[in-house]
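> Structure here, sequence nowhere to be found:
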């Protein structure tokens, strides 16, 4: 196939990554205050690949699809000559980033800093390093023009880091059928970390639970309804029911999930007041994480059921001492819980372990790294389950560092991206040989 002739050009990769990181100030995604202009990044990608477009006598079909001005998605294809040939696609590397506050960083997040093997800057790991990696892969393919029995495609996407505005990124590409042809073959979602195949992620939804009681002097607790105690007991009741209904699933071991599904509080707040005052209300927030064998919507509905049960019968909650109570019948008062779901929910994914795409990725990973250790985690990735449900054979790969995802002082390793280049080469060669 001549794929072995492809060579990772470090200078080309680092040069492009430096230009991409240089645009990061305008790629931060946190509307309405920060709305990215992804075209500023993809302009650099398109300039690198311009000489290799079919319009200029090259082998690459390249187009930018935009549904909002300045916020395009880039689709690159290296077609083979066989009619109806399958595709090998690399999708999901995104052109936007999470915000960075320079005051919190030890170096400038808005420019690339190179220190030996270490590449520092916002977006190196998530996900501009992958954008530069795929650009270099297709540049090398265009230079060598390997004879393949598969088509090779890449989709760099806009608007991955925020779901409050829809109809901009891969969701709209799928809705309009613009990448439906990529269902004919494996699709590698290139936005993961640590070089090993990621085969499972969790569904996630965030929740807020507010308890309303009765404010009173703490020296007369029998005259109060203590919302703090009520929330503590409510969360305990909710967790007991959740873990009974969503226990560790039999398939979690096969996918290597480190933890099972969970529901837990993560934030606590109340309006303030004196230490000798029982407050009138308080609020706890948290999240639900479910392994992909449980629908996240089912878990959210279960949480609502638990809260409704408590509101209907407060005696489900134990009280805390003789003076503690959650209703005052003589005053016609009782405590109340209010549940709100926060933001969009994400669905988890269990990648197919039987597909050619998964097997090719594992073989290539072992060949390059000396071992293949697929992993699953109860972190969440947006969009991937929706693509799988649309009929794409989705696999997940990535070459950033998990510990620096969305973190201050983000960095990645040049050697890891070089390994990613070699893995992608072998994946393409293997699937071409099998076609």
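Alright, I've got the coordinates. Here the structure is a predicted model, which is why all the values come from computation and not from measurement.
> On the three-state scheme, residue 324 is what?
coil (DSSP: H, G, I helix; E, B strand; the rest coil).
> Surely it and residue 226 touch.
Yes: here residue 324 reaches residue 226: they are 6.4 Å apart, a contact under CB atoms under 8 Å. All C-beta spots, glycine's among them, are computed from the backbone N, C-alpha and C.
> the more surrounded of those two?
Per other CB atoms under 10 Å, whichever of residue 324 and residue 226 has more neighbours is residue 226, with 26 against 17.
> how far away is that one from residue 263?
Distance, residue 226 to residue 263, by CB to CB, to the nearest Å: 23 Å.
> what pLDDT, on average, does the helix or strand hosting residue 425 get?
Element membership for residue 425 (DSSP states H and E) is helix 414-434. If you average the pLDDT over helix 414-434, you get 97.
> Output the contacting helices and strands for that helix.
Identification of packing neighbours for helix 414-434 by 3 or more CB pairs under 8 Å, 6 or more residues apart in numbering; DSSP states H and E yields helix 10-21, strand 87-94, helix 129-144, strand 186-190, helix 356-369.
> let's see it at 6 Å
Applying 3 or more CB pairs under 6 Å, 6 or more residues apart in numbering; DSSP states H and E, one finds that helix 414-434 contacts helix 129-144, helix 356-369.
> Could you give me the buried positions within it?
414, 416-432 (16 or more other CB atoms under 10 Å).
> Measure how far that helix is from the centre of its chain, please.
23 Å (CA atoms, centre = their mean, to the nearest Å).
> quick one: that helix to helix 129-144, angle?
For helix 414-434 against helix 129-144, the angle by axes from the mean of the first three to the mean of the last three CA atoms, to 10 degrees is 50 degrees.
> what sits against the residue nearest in space to the middle of the chain?
Most central in the chain under CA atoms, centre = their mean is residue 381, positioned 2.5 Å from the mean C-alpha point. Residue 381 sits next to residue 201 when contact means CB atoms under 6 Å, 6 or more residues apart in numbering.
> That one belongs to a helix?
No: counting by three-state DSSP, residue 381 is not found in a helix; it is coil.
> Please work out how many residues are found near residue 240.
So residue 240, with other CB under 10 Å, has 11 neighbours.
> Surely it is in a strand?
No: the assignment for residue 240 is helix, going by three-state DSSP, so no strand is present there.
> Could you measure from it over to residue 246?
12 Å.
> Also residue 197?
Taking CB to CB as the measure, residue 197 falls 26 Å from residue 246.
> of those two, who's got more company?
residue 197 (24 against 20).
> list the contacts for the more buried one?
By CB under 6 Å, 6+ apart, the contact set of residue 197 is 361, 374.
> next one: phi and psi at it?
Backbone geometry at residue 197, expressed as degrees, to the nearest 10, gives phi -60, psi 130.
> Which residue, other than its chain neighbours, is closest to residue 158?
Distances taken as CB to CB, 6 or more residues apart in numbering place residue 38 nearest to residue 158, at 4.2 Å, with adjacent residues excluded.
> Please work out how many residues are found near the one you found.
Counted with other CB under 10 Å, residues neighbouring residue 38 total 30.
> how about the helices of the stretch 151-300 of the chain, start to end?
Per DSSP state H, counting those that start in this stretch, the stretch 151-300 of the chain has helices spanning 170-175, 227-245, 252-255, 296-312. These are given in chain order.
> Relative to residue 272, which of those helices is closest?
Of all the helices of the stretch 151-300 of the chain, helix 227-245 sits nearest to residue 272, with 13.0 Å by CB to CB.
> ok, and what's touching the closest one?
Under CB under 6 Å, 6+ apart, the answer for helix 227-245 is 211, 213, 263, 265, 281-282, 284, 302, 306, 310, 317-318, 320, 324, 326, 335.
> Go ahead and confirm the residue nearest to residue 158 touches residue 70.
No: the criterion here is CB atoms under 6 Å, and residue 38 misses it with residue 70 at 7.2 Å.
> where does residue 119 land in three-state SS?
strand.
> how about it, what does it touch?
By CB under 6 Å, 6+ apart, residue 119 lies in contact with 412, 414.
> still on that earlier bit, got phi/psi on the residue nearest to residue 158?
Torsion angles, degrees, to the nearest 10, at residue 38: phi -60, psi -20.
> What's the separation between it and residue 258?
Distance from residue 38 to residue 258, by CB to CB: 33 Å.
> try residue 184
Counting by CB to CB, the gap from residue 184 to residue 258 is 34 Å.
> out of those two, which sits in the more crowded spot?
Taking neighbours as other CB under 10 Å, residue 184 and residue 258 compare with residue 184 leading, 15 against 9.
> List buried residues within the contacts of helix 227-245.
Applying 16+ other CB under 10 Å to the contacts of helix 227-245 flags 211, 213, 263, 265, 281-282, 284, 302, 306, 310, 317, 320, 324, 326, 335 as buried.
> circling back to that earlier point, which single one of the contacts of helix 227-245 is nearest to residue 222?
residue 324 (8.5 Å).
> wait, what's in contact with that closest one?
Contact analysis of residue 324 by CB under 6 Å, 6+ apart lists residue 229.
> one more time with 8 Å, if that's ok
Residue 324 sits next to 221, 226, 229 when contact means CB atoms under 8 Å, 6 or more residues apart in numbering.
> The last one - how many residues pack around it?
It refers to residue 229. 24.
> With residue 213 as the reference, measure out to it.
Taking CB to CB, one finds residue 229 at 8 Å from residue 213.
> Overlap of the contact sets of the two?
The contact sets of residue 229 and residue 213 overlap at residue 326 (CB under 8 Å, 6+ apart).
> Run through the neighbouring helices and strands of the host helix or strand of residue 77.
Here residue 77, judged by DSSP H and E, is contained in strand 72-78. Here strand 72-78 touches helix 39-49, strand 61-66, helix 129-144, strand 151-157, helix 170-175, going by 3+ CB pairs under 8 Å, 6+ apart.
> Buried ones in the last one, by neighbour count?
The neighbour-count criterion (16+ other CB under 10 Å) identifies 170, 171, 172, 173, 174 as the buried residues of helix 170-175.
> Likewise for the fourth one?
By neighbour count, with 16+ other CB under 10 Å as the criterion, the buried positions of strand 151-157 are 151, 152, 153, 154, 155, 156, 157.
> Is it possible to get a markdown table of the residues you listed that adds pLDDT?
Shown next, in a markdown table, are these (pLDDT from 0 to 100):
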| residue | pLDDT |
| --- | --- |
| 151 | 98 |
| 152 | 98 |
| 153 | 98 |
| 154 | 98 |
| 155 | 98 |
| 156 | 98 |
| 157 | 98 |
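> Many thanks, we can stop here.
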